[in-house]
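Visitor: I'd like to go over a predicted model; first the sequence, then the structure.
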Amino acid sequence: MAARILHRLRHALAGEGGREEPAGGGGEAEDCPESSELEDDTEGLSTRLSGTLSFTSHEDEEEEEEGDGASEELEEPPQAPGTAAGTEDGGRCWGEWVSAAERPGSSLLTRQLQELWRRSRGSVAPQRLLFEVTSASVVSERSSKYVLYTIYLIRSGQFDKAPATIARRYSDFEQLNRRLRCRFSCDMAGVAFPRKRLRRNFTAETIAKRSRAFEQFLSHLHSIDEIRRSPEFLEFFFLPDLQAAQRLTCTGMYREALATWANAYRLQDRLGVCSSGRFLLTLAGLAVCHQELDQLSEAHGYCEQALQLLEAQGSHPLLGPFLQAHVHLAWKVGKDKRRSEARLQDLREAGLPLQQQPSLKECLIKEPLE
């Protein structure tokens, strides 16, 4: 794109001055590769993602498909009002815009534009959480057949190298909808949910419509403050991962458990619940699995993160186990452990029997997750 714009500028300037470069002249044209300038399309990406869903009738679907197709086309470079490419009297051409910038007094306009550009680059765009169904697969078991929907949780305006994901079936969404309607009947009055079907549940059309409906359903729920903070809504996302990670840890499958704990960590981070008891348990799972896999620096880092969260709490069931694990890991990796040792001494003087307390791994295994 940049190469085409520069090419137009050169020809426009050459045409305005009445000069043409000779075909075999001594000067070589400067080649500017298109990859030399990248466009930031973050806003367009978030717009497309936020508009991927609608629950419409058959007549609306044709318009929706036309709109989706148009949004994916590449945009042409912006032109001045009244200007069309190739017209002679539709407005000022590229050469006239450039020559106007070279006239006396135009340096002020150039500086203003540069300052505006710097401010826009430095400003922080408001972020929101997007829910995108990235795939849906039909799963056949011995006595049942269902569709499993994979959903990404994405922050608008940034790229996630390791996105937070969940996989849920229709019955999971239906259970969430039923629980929320029992507790938040007024707030849920305006929230739409796809109804059950007696047939054609596994057609591509039904799966596509439900995918869009589930995205819209979760986005609507997340926009309501009371529901967004409710345990019913939050645990729909990360409780299954916590339960699976705990089972894997109990059976000694630490590498598999580590991936599940890490996804639960990302889910809670996207949902903004990084100070809850569930999040502390997640940090314990990550620390234990990294330690069992002999990745001591990573385990030490998660213990430090947990202790920062527990800084303002005088007592917590996981405080003693995290302090003891942190002291042990700090000694192993050669880090400072004096602060944790001092806090442990304060707990002893307060009468806490640290010798009888379970280890971090024992707390992790015994924690009831329902």
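Guide: Everything's here; your move.
Visitor: the domain parsing of the protein - what is it?
Guide: 127-228, 236-370 (automatic domain parsing).
Visitor: Let me have those domains in CSV, adding mean pLDDT as columns.
Guide: Shown next, in CSV, are those (pLDDT from 0 to 100):
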stretch, mean pLDDT
domain 127-228, 92
domain 236-370, 93
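Visitor: Of those, which stretch is the most buried?
Guide: domain 236-370 (a mean of 18; mean count of other C-beta atoms under 10 Å). Glycine gets a C-beta too; all of them are placed from N, C-alpha and C.
Visitor: Sketch out the strands for the stretch 151-300 of the chain, chain order is fine.
Guide: For the stretch 151-300 of the chain, applying DSSP state E, counting those that start in this stretch gives strands covering 164-169.
Visitor: Tell me which stretches of it form helices.
Guide: Using DSSP state H, counting those that start in this stretch, the helices of the stretch 151-300 of the chain run over 170-183, 204-222, 225-228, 231-250, 254-271, 277-292, 296-309.
Visitor: Can you say which of the ones you listed is nearest to Phe159?
Guide: Each of these was scored for nearness to Phe159 using C-beta to C-beta, and the closest is helix 254-271 (13.7 Å).
Visitor: Output that closest one as PDB, nothing but the C-alphas.
Guide: Coordinates of each C-alpha in helix 254-271 appear next as PDB, following Å, rounded to 0.1, in the frame of the first residue of the first chain:
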ATOM      1  CA  TYR A 254       2.000 -33.100  36.500                       C
ATOM      2  CA  ARG A 255       2.800 -32.100  32.900                       C
ATOM      3  CA  GLU A 256      -0.800 -32.500  31.800                       C
ATOM      4  CA  ALA A 257      -2.000 -30.800  35.000                       C
ATOM      5  CA  LEU A 258       0.300 -27.900  34.400                       C
ATOM      6  CA  ALA A 259      -1.300 -27.000  31.100                       C
ATOM      7  CA  THR A 260      -4.800 -27.200  32.700                       C
ATOM      8  CA  TRP A 261      -3.700 -25.000  35.700                       C
ATOM      9  CA  ALA A 262      -2.200 -22.500  33.200                       C
ATOM     10  CA  ASN A 263      -5.400 -22.300  31.200                       C
ATOM     11  CA  ALA A 264      -7.400 -21.800  34.500                       C
ATOM     12  CA  TYR A 265      -4.900 -19.000  35.300                       C
ATOM     13  CA  ARG A 266      -5.500 -17.200  32.000                       C
ATOM     14  CA  LEU A 267      -9.300 -17.600  32.300                       C
ATOM     15  CA  GLN A 268      -9.300 -16.000  35.700                       C
ATOM     16  CA  ASP A 269      -7.000 -13.200  34.500                       C
ATOM     17  CA  ARG A 270      -9.300 -12.400  31.600                       C
ATOM     18  CA  LEU A 271     -12.300 -12.400  33.900                       C
END
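Visitor: tell me which strands and helices it is in contact with?
Guide: strand 145-155, strand 164-169, helix 231-250, helix 277-292 (3 or more C-beta pairs under 8 Å, 6 or more residues apart in numbering; DSSP states H and E).
Visitor: Make a markdown table from those and add distance to Ala204 to it.
Guide: Below are the helices and strands packed on helix 254-271 laid out as a markdown table (distance: least, C-beta to C-beta, whole Å):
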| stretch | distance to Ala204 |
| --- | --- |
| strand 145-155 | 11 |
| strand 164-169 | 17 |
| helix 231-250 | 26 |
| helix 277-292 | 37 |
